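Visitor: My questions concern the predicted model and sequence given below.
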Amino acid sequence: MAEAQATTFGVIGLGYVGLPLAVEAGKGGIRVLGFDVKESVVASINEGLSHVLDVKGDEVEALREAGLLEATTDMSRLAECDVVSICVPTPLSKTRDPDVSFILAASEAVAKGLRPGQLVILESTTYPGTTREVLLPALEATGLKVGEDFHLCFSPERVDPGNPTWHTKNTPKVVGGITPACSAAGAAFYERFLDTLVPVSSAEAAELTKILENTFRAVNIGLVNETAIIADRLGVDIWEVIDAAATKPFGFMKFTPGPGLGGHCIPVDPHYLSWKMRTLNYKTRFIELASEINSEMPVFVVDKIRDGLNQNRKAVNGASVLVLGVAYKRDIEDMRESPALDVIRLLQADGADVSYHDPYVHTLDEDGHHLESVELTDAALSEADAVVIITDHTGIDYARVVAKSRVLIDARHVAPRGEGLSPGWIVKA
Ligand SMILES: NC(=O)c1ccc[n+]([C@@H]2O[C@H](COP(=O)([O-])OP(=O)(O)OC[C@H]3O[C@@H](n4cnc5c(N)ncnc54)[C@H](O)[C@@H]3O)[C@@H](O)[C@H]2O)c1
């Protein structure tokens, strides 16, 4: 036990994934050394602050005081670590191909300090094969042998920012190694501070598990979004249909339509698999179709705004449109890939004067436009030619939004519908 507690755990990338993991390990009594390229991130953690919504500043401060957490930009200190988890971004390039440059940079840094006995775990979501094809050669170039001198695993992060029930500690964690000894080492380490481990037989199985989970969501959201468009054409209330279908006690899982996909994961990760399969001459049809439907939803919402304004004898050009909620989902501040950005861009391109309110996002810089969140006053609601709900943050009085707005489009179905109000996307016009 004394030996186990002496472990130093290095976490590379202290963002939405890395910081909660680092804090959970620290709470489990493990000494954590966090690495980030951003000075500001490192400085704030060392001051006992948290820049991630799901991690409380108090937790960071307590770990700092206990000497269990330190952050640094000095990658040469990776050699101090017994275990290293890589939690760096995996975005798409402009041509929607995987950008593994962050993983490459991190693996080269790990390789420089690699020593016998180290365990290296990749957490970043990526295509099947990355751990073996990208990390392994970089690490074995040191002359050390995987499964013998060091261990290498992939273990996907499943964090759902803002989820009050499921977090890093109690969400079962899948881990798959390059060799059986690697899998066992990865599971044994995480078992020290996480509740449930799910070992799988290879790094590739763990990599594909993560992409299956996110593709499952992307495809089901795509299905329900297309059904929403169908219902709209048929004049049927999609929400009534979904609620009715969800009463089936088996074989149906409820997904809800909306303004499009957002976040770092669901719109991005399936394309990692598409890319990989293209290299193997296989087209991932479900992924492509879901992506096509989901990425058209902002256009659908803007068409609804256009219809609502039209019913009020107004053109989009010159209309003032107030967007409620710009974060990609409820009660978080993350703007990455948010469909609100597309909606705002499309409205501005058509000459609308766009303002927004979001309690979590105070300023917005996109496409050369700078916007600041406006206060949600009665005047702001009633003076806008149209109000559109894009993100259903809690804590907003939607009954007041309904009462005060002239034209209201609800892309999340949160506005209460009284008499004379439509159950559809255009609540009132
Ligand atoms: N955010 C989520 O909800 C979520 C959920 C599951 C999986 N993931 C995956 O986890 C990975 C990380 O995502 P995130 O949301 O935490 O990203 P993030 O942008 O919040 O954090 C990444 C951090 O890594 C740092 N970084 C970049 N390059 C680095 C380098 N070479 N060395 C050290 N630090 C470096 C950045 O400065 C940043 O602070 C991605 O692959 C993502 O797809 C994210």
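Guide: Okay, I see it.

Visitor: Give me the neighbour count for whatever residue of the chain ends up closest to the ligand.
Guide: Relative to the ligand, the nearest point of the chain is Gly15 (1.8 Å; C-beta to the nearest ligand atom). Backbone N, C-alpha and C define where each C-beta goes, glycine included. Look at Gly15: counted by other C-beta atoms under 10 Å, it has 16 neighbours.

Visitor: list the contacts for it?
Guide: Residues in contact with Gly15, defined by C-beta atoms under 8 Å, 6 or more residues apart in numbering, are Asp36, Val41, Val52, Cys87, Pro89.

Visitor: Confirm that the third one sits in a helix.
Guide: By that I understand Val52. No: read with DSSP: H, G, I helix; E, B strand; the rest coil, Val52 is coil and lies in no helix.

Visitor: confidence score at it?
Guide: At Val52, the pLDDT value in this model is 92.

Visitor: Name all residues that make contact with it.
Guide: Val52 neighbours (C-beta under 8 Å, 6+ apart): Gly15, Tyr16, Leu19, Pro20.

Visitor: now swap in Pro20 and tell me
Guide: Per C-beta under 8 Å, 6+ apart, neighbours of Pro20: Val52, Asp54, Val55, Val159, His167, Thr168.

Visitor: Over to Leu346?
Guide: Contacts of Leu346 (C-beta under 8 Å, 6+ apart): Pro298, Val299, Val302.

Visitor: Now a ChimeraX select for only the buried ones of those.
Guide: Selecting only the buried entries of those in ChimeraX, with 16 or more other C-beta atoms under 10 Å as the criterion:
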select :298,302
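
Visitor: Kindly reformat the contacts of Leu346 as CSV containing pLDDT and distance to Val146.
Guide: As requested, those are exported to CSV (pLDDT from 0 to 100; distance: C-beta to C-beta, whole Å):
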residue, pLDDT, distance to Val146
Pro298, 97, 45
Val299, 98, 48
Val302, 98, 51
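
Visitor: with the contacts of Leu346 in mind, which one is nearest to Ala411?
Guide: Pro298 (9.0 Å; C-beta to C-beta).

Visitor: neighbours of the residue nearest to the closest one when sequence neighbours are not counted, just the number please.
Guide: Closest residue in space to Pro298, ignoring its immediate chain neighbours: Asp342 at 3.6 Å, by C-beta to C-beta, 6 or more residues apart in numbering. Per other C-beta under 10 Å, the neighbour tally for Asp342 reads 22.

Visitor: what's the answer for the one 5 residues further on, then?
Guide: Leu347 is surrounded by 23 other residues when neighbours are defined as other C-beta under 10 Å.

Visitor: By neighbour count, which bits of the helix or strand it falls within are buried? Give me those.
Guide: Per DSSP states H and E: Leu347 is located in helix 339-349. For helix 339-349, a neighbour-count test (16+ other C-beta under 10 Å) marks Pro339, Ala340, Leu341, Asp342, Val343, Ile344, Arg345, Leu346, Leu347, Gln348 as buried.

Visitor: just stretch 40-50 next, same as before
Guide: So for stretch 40-50, counting by 16+ other C-beta under 10 Å, buried means Val41, Val42, Ser44, Ile45, Gly48, Ser50.

Visitor: Hmm, Glu140 is touching Val146, no?
Guide: Yes: if you go by C-beta atoms under 8 Å, Glu140 and Val146 touch, sitting 6.3 Å apart.

Visitor: Asp99: what's it in contact with?
Guide: Per C-beta under 8 Å, 6+ apart, neighbours of Asp99: Thr90, Pro91, Leu92, Ser93.

Visitor: What about the ligand: which of those residues touch it?
Guide: The overlap between these and the neighbours of the ligand (C-beta under 6 Å from any ligand atom) comes to Thr90.

Visitor: Got a quick PyMOL command for the buried subset of the contacts of Asp99?
Guide: The PyMOL command for the buried members of the contacts of Asp99 (criterion: 16+ other C-beta under 10 Å) is given here:
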select buried, resi 90+92
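
Visitor: can you point me to the longest helix in this protein?
Guide: Secondary structure of the chain per DSSP state H: the longest helix is helix 203-234.
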